[in-house]
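1. Have a look at this prediction, sequence included:
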Protein chains: 2
Amino acid sequence: MSIDKDKKNETGAEQAIAKLADAGVEVCFMNPGTSEMHMVSAIDACDDMRGILGLFEGVVTGAADGYGRIKGKPAMTLLHLGPGLANGLANLHNAKRAGSPVLNIIGDHAIAHMKYDAPLASDIASLAKTVSYKTHQVKTSVSLTPTCLTACAQTMENQGQITTVIVPANCAWESVETFSPEDKPASKSSDDFKAVAEVANALNSGEKCLLLLGGNALDVDGLNLAGKIAHATGCGLSSPTFSKKRWRGQGVVRAERLPYFGDMVLATLKDVKHLILVGAKSPVSFFAYEGASSDLVPEGCNVINLAVPTKNPELALKALARELGCGDGDSVAPFSGALPPLPEGKLDGLKIGMALAHFMPDGCIVSDESNTNGLAVRAMTIFAKPHQWMDLTGGSIGQGLPLAIGAAIAEPDKKVMALQADGSAMYTLQSLWTIARENLDITIVLFSNKSYAILNVEFAKLGLMASAGDEAKTMMSLDKPEIDFVSLAKGLGVEAASADTAEEFNALLEKAINTKGAFLIDAKIDPPM
Amino acid sequence: MSIDKDKKNETGAEQAIAKLADAGVEVCFMNPGTSEMHMVSAIDACDDMRGILGLFEGVVTGAADGYGRIKGKPAMTLLHLGPGLANGLANLHNAKRAGSPVLNIIGDHAIAHMKYDAPLASDIASLAKTVSYKTHQVKTSVSLTPTCLTACAQTMENQGQITTVIVPANCAWESVETFSPEDKPASKSSDDFKAVAEVANALNSGEKCLLLLGGNALDVDGLNLAGKIAHATGCGLSSPTFSKKRWRGQGVVRAERLPYFGDMVLATLKDVKHLILVGAKSPVSFFAYEGASSDLVPEGCNVINLAVPTKNPELALKALARELGCGDGDSVAPFSGALPPLPEGKLDGLKIGMALAHFMPDGCIVSDESNTNGLAVRAMTIFAKPHQWMDLTGGSIGQGLPLAIGAAIAEPDKKVMALQADGSAMYTLQSLWTIARENLDITIVLFSNKSYAILNVEFAKLGLMASAGDEAKTMMSLDKPEIDFVSLAKGLGVEAASADTAEEFNALLEKAINTKGAFLIDAKIDPPM
């Protein structure tokens, strides 16, 4: 073996990035700083990985979440020290709740520099642990690559996890020897679903049963399996209030979404004798209200956990269908319904939903952060052609636009629809710049009701509205000054126009959907109260 | 004692807010959610406290930092659960590094709701501890008020601290009995500065000495004391690279700022035999560079710590002046210099500085996040009328605009100048909306160089530029698409105009400064390389 003495050893960063690319990581969502410059240089030098820049870390992590949900493979981020991670935490919280496979690489100060407590030093690991399945602290350049590969593989465990690798700058810049990763056998997901017989008994009991589907049970294959089980046993099919990703629309087996407010969930479930969890958690209320129950399973309802969310729910459905002997049988009829008419007159959330039902293209991907407008929009878009739908999974607002970015990067040939509430849009508005820069095929419908509408609803629900003065109401209102989203979009390079009437909205929506590229429709609707 | 049976007991929230107002908290910077609604209602009902809404928590916490720095009293925030705190952490990091008195009230789920792991549940305490001097977890409504009062008092310890109180929703909504806080004697700052004699000896040794001033040693009184010491002993006066707040300009005793890059600091200090720390930390480099020292004290230089940053440095200077017998003596001449000419021709950072030197009004407050443009701007504005200057203390970008909000709320009769780099502005751009809404008297100079300029500099400094491909350069460039800050400002309700030439800039600046209210000047300058 001859040694090329002129060949400069590669840096830890170069090696790690090359091996991550070999492991299938094609994209790095990033907002780097000085301590990540060698990683940036390595990505620059790697032909099989490209960087996507976000002007704020919440954009970066939300985009990774969207990419991971749609692509089903590790979504990588590169963030700058503790503050960079901190800025990305809210959307990592959502990604954690979704179960998205996200690999965070966080730069840190060089190890020798740490003892000086320089201005940007902070406790990165404590921040990372709040959202990460595993947090790895790299100590040497030699361990950088194997640690990154381990962390990358861990993102795919349990149906999707967040892992974080903290990389001191010197471990990225120091030279390393050749490294050959071992071929590890892929870890098998256990398909041992112990409750199958118990669930089959319940389904055959004649008592009212409901399957609550989560994870990949809401993909087309999972829904088809559930449809066969429903046909064979008469059980109902349902889905959690907020899902990582789900198929829905014309021709798709329908799993009715549970409502947001607890009293409505209790009403929905009131006659159910057996609630069967298939990759979903038992329903609880989002917030607590004085005197109201947090647990939304009615008294006397028996909950059976067929598959916890970290197991593969589609496999659980397969096992259940086999147990019931309905593997090749008929399915319940998939959803089908007459399109609502094209809306006319003054615009509101319902009319936006009607227009979406008309124009949303077959196979499009929806990033939904329409919040208070979601009820009407969901009710109408079920009549649209089949599409994938991503929800705000962790309640941390500012997810919608970043999620759309990630989905559009993952599936460049599909139209992405971002249904976006105004208050939430303001959290990660920087997304528009990345959308323009990457020329992403995203139609943004901005629900401009000039209000933190959900807070008005919650304030009233808590019984506080009667005594509320102007100041409290002002804290939930976004109308002074009014935000001009057309100006904001143009300022960030995205074409935009506003609509006051349904006719204007219909025309803009049809054009935006039929044109490849980004467009924002500022849909002017009334505040809720 | 008669009991008024009709009187409804107050809630924990009402009591806590009323007592915090009694303790002098006049303003609450906030972005609340459902779990904070009873706090919002209580602030609404309290005549002595008003709420300031930010459309993102980074705005809220940065504004609190600015308020705390200028007002010198507790700056309160109200944030929504873990994600709300997470969004505010980056600017809390800066506030921690500044030593600002900030009291965070973070809502949490009701205690009975916690076990259900609802979507927004997360580990708030772990997040809070990364930036907080003390983190308090409230367990009962009865303990809410005393805990808030304790935390509020703690913000004023050690020259300014961050404290955080986590408040489960039920502790805010439950009724409480009357509570009368005990009068506690104010804790006295120890003025026992053990190194006074040693410092006096060094100053009298004839060897070259430098006082490195921090905290209130950079206020007018502190600088005057330092000026007397410098006159009596011939020592130099210096200040850290980044300060919480400092007075400077014509007629103010000058403490020369240490440069940003380590090699320049080492050059500055190379002949210094005694470096005397007065409320400042010993200088270290911001980042590590391969082969370069992190500790910026030259070999052979003796460091004496007269007052650590948590002690009162002005008192330390008083004690030192007394020891030296120069209490009533002369001072070094305060800074005085001829104004640079009004700039002409194509705009650049230096010319912006020259124009600022001309027009900045007496006693104005500067929030500086001009980053790479700061060198020229600082060099020129030293010729301006006396003013207060606030730096980016923790290196976490997105501080400048929020800090200006807080300063303008703290001192409504003073003009605030926000000197703002473009990339950093995008982190907390939502600030403009609050500036418009509160009609704050802020002139924003936006340094639009379409670049993360500092990263270009750092990338070159790390020796990576020579081999850099387009992709790496693209990750530091903000020109595709170009950001139109005039559109963005108008979209958020702030008047704005752009300037390509010094003449245009001068005219806009003069007008903005002489008009009460907010105005943004989009100053178009070239990228650094």
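-> That came in fine, so what should we check first?

2. Any idea which helix or strand in chain A has the lowest mean pLDDT?
-> Scoring the helices and strands of chain A by mean pLDDT, DSSP states H and E places helix A:453-461 at the bottom, with a mean of 81.

3. Can you dump the C-alpha atoms of that one in PDB for me?
-> Extracted as PDB, the C-alpha positions of helix A:453-461 are listed here (Å, rounded to 0.1, in the frame of the first residue of the first chain):
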ATOM      1  CA  ALA A 453     -58.200  34.400  17.900                       C
ATOM      2  CA  ILE A 454     -57.600  31.300  20.000                       C
ATOM      3  CA  LEU A 455     -56.800  33.400  23.000                       C
ATOM      4  CA  ASN A 456     -60.100  35.200  22.700                       C
ATOM      5  CA  VAL A 457     -61.800  31.800  22.700                       C
ATOM      6  CA  GLU A 458     -59.800  30.500  25.600                       C
ATOM      7  CA  PHE A 459     -60.300  33.800  27.600                       C
ATOM      8  CA  ALA A 460     -64.000  33.400  27.100                       C
ATOM      9  CA  LYS A 461     -63.900  29.700  28.000                       C
END
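
4. how about the strand or helix carrying residue A:198: buried residues?
-> Assignment of secondary structure by DSSP states H and E places residue A:198 within helix A:196-203. Residues A:196, A:199, A:200, A:202, A:203 are the ones in helix A:196-203 that count as buried (16 or more other C-beta atoms under 10 Å in any protein chain shown). Every C-beta, even on glycine, is put in place using the N, C-alpha and C of the backbone.

5. Quick check: can you list the domain ranges of chain A?
-> In the domain annotation for chain A, the residue ranges read A:12-173, A:196-324, A:349-524 (automatic domain parsing).

6. Show me which residues of the stretch 101-250 of chain A sit near chain B.
-> Residues of the stretch 101-250 of chain A found near chain B (C-beta under 8 Å from any C-beta of the partner chain) are A:109-110, A:112-113, A:116-120, A:122-123, A:126-127, A:129-131, A:169-170, A:173, A:242.

7. Any regions of chain A where pLDDT drops low?
-> Along chain A, the parts satisfying pLDDT under 70 run over A:1-8, A:185-191, A:528-529.

8. who does the lengthiest helix in it touch, helix- and strand-wise?
-> Of all segments of type helix in chain A, defined using DSSP state H, the longest is helix A:81-98. With contacts taken as 3 or more C-beta pairs under 8 Å, 6 or more residues apart in numbering or on different chains; DSSP states H and E, helix A:81-98 sits against helix A:57-71, strand A:75-80, strand A:102-108, helix A:124-129, strand A:162-168, helix B:81-98.

9. between it and helix B:57-71, how many degrees?
-> 150 degrees (axes from the mean of the first three to the mean of the last three C-alpha atoms, to 10 degrees).

10. Keeping just the C-alphas, turn helix A:81-98 into CSV.
-> Output of helix A:81-98 as CSV, limited to C-alpha atoms (Å, rounded to 0.1, in the frame of the first residue of the first chain):
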residue,chain,number,x,y,z
LEU,A,81,-24.1,27.0,20.0
GLY,A,82,-26.7,27.2,22.8
PRO,A,83,-28.5,30.3,21.5
GLY,A,84,-28.9,28.8,18.1
LEU,A,85,-30.3,25.7,19.5
ALA,A,86,-32.6,27.7,21.9
ASN,A,87,-34.1,29.6,18.9
GLY,A,88,-34.8,26.2,17.3
LEU,A,89,-36.3,24.5,20.4
ALA,A,90,-39.9,25.5,19.9
ASN,A,91,-40.2,23.7,16.5
LEU,A,92,-38.1,20.8,17.8
HIS,A,93,-40.7,20.5,20.5
ASN,A,94,-43.3,20.1,17.7
ALA,A,95,-41.0,17.6,15.9
LYS,A,96,-40.6,15.6,19.1
ARG,A,97,-44.4,15.4,19.5
ALA,A,98,-44.7,14.4,15.9
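
11. could you check the angle strand A:75-80 makes with that helix?
-> Taking the same axes, to 10 degrees, one finds that helix A:81-98 is oriented at 160 degrees with respect to strand A:75-80.

12. thinking again about what came up before, out of the buried residues of helix A:196-203, who's nearest residue A:426?
-> Distance to residue A:426 across those (C-beta to C-beta) is lowest for residue A:199, with 44.8 Å.

13. In contact with that closest one, which residues?
-> Applying C-beta atoms under 8 Å, 6 or more residues apart in numbering or on different chains, one finds that residue A:199 lies in contact with A:274, A:276, A:304, A:306, A:320, A:323.

14. Now the phi/psi pair for residue A:29, please.
-> Note on residue A:29: its backbone torsions stand at phi -80, psi 130 [degrees, to the nearest 10].

15. which residues sit in contact with it?
-> Residues near residue A:29 by C-beta under 8 Å, 6+ apart: A:51-52, A:54, A:60-61, A:63-64, A:67, A:75-78, A:406.

16. Kindly compare burial across the domains of chain A and name the winner.
-> The highest mean neighbour count among the domains of chain A belongs to domain A:12-173 (a mean of 24), with neighbours defined as mean count of other C-beta atoms under 10 Å in any protein chain shown.

17. Quick check: end-to-end length of it?
-> From the first residue to the last, domain A:12-173 extends over 6 Å; the measure is C-alpha to C-alpha, to the nearest Å.

18. Which strand or helix spans residue A:310?
-> When elements are assigned from DSSP H and E, residue A:310 belongs to no helix and no strand.

19. how near is it to chain B?
-> Distance of residue A:310 to chain B, computed by C-beta to the nearest C-beta, to the nearest Å: 14 Å.

20. dump the residue contacts of that residue.
-> Shown in contact with residue A:310 (C-beta under 8 Å, 6+ apart): A:99, A:158, A:159.

21. Look up how far chain B lies from the last one.
-> Meaning residue A:159. Computed as C-beta to the nearest C-beta, the residue A:159 to chain B distance reads 17 Å.

22. Could you do residue A:296 as well?
-> With distances defined as C-beta to the nearest C-beta, the gap from residue A:296 to chain B amounts to 9 Å.

23. which residues does that residue contact?
-> With contacts taken as C-beta under 8 Å, 6+ apart, residue A:296 has the following neighbours: A:262, A:265, A:266, A:269, A:282, A:283, A:284, A:285.

24. and what of residue A:402?
-> So residue A:402 contacts A:54, A:58, A:59, A:60, A:61, A:62, A:63, A:65, A:66, A:91, A:428, A:431 (C-beta under 8 Å, 6+ apart).

25. what does residue A:487 give?
-> Contacts for residue A:487 (C-beta under 8 Å, 6+ apart) come out as B:487, B:488, B:490, B:491.

26. cool, and residue A:361?
-> Contacts for residue A:361 were tallied using C-beta under 8 Å, 6+ apart; they are A:385, A:415, A:513.

27. Just the contacts of residue A:296: which are in helices?
-> Among these, the members falling in helices (DSSP H) are A:262, A:265, A:266.

28. Hmm, residue A:298 and the last one touching each other?
-> I take that to be residue A:266. Yes - assessed by C-beta atoms under 8 Å, residue A:266 is found in contact with residue A:298 at 5.8 Å.
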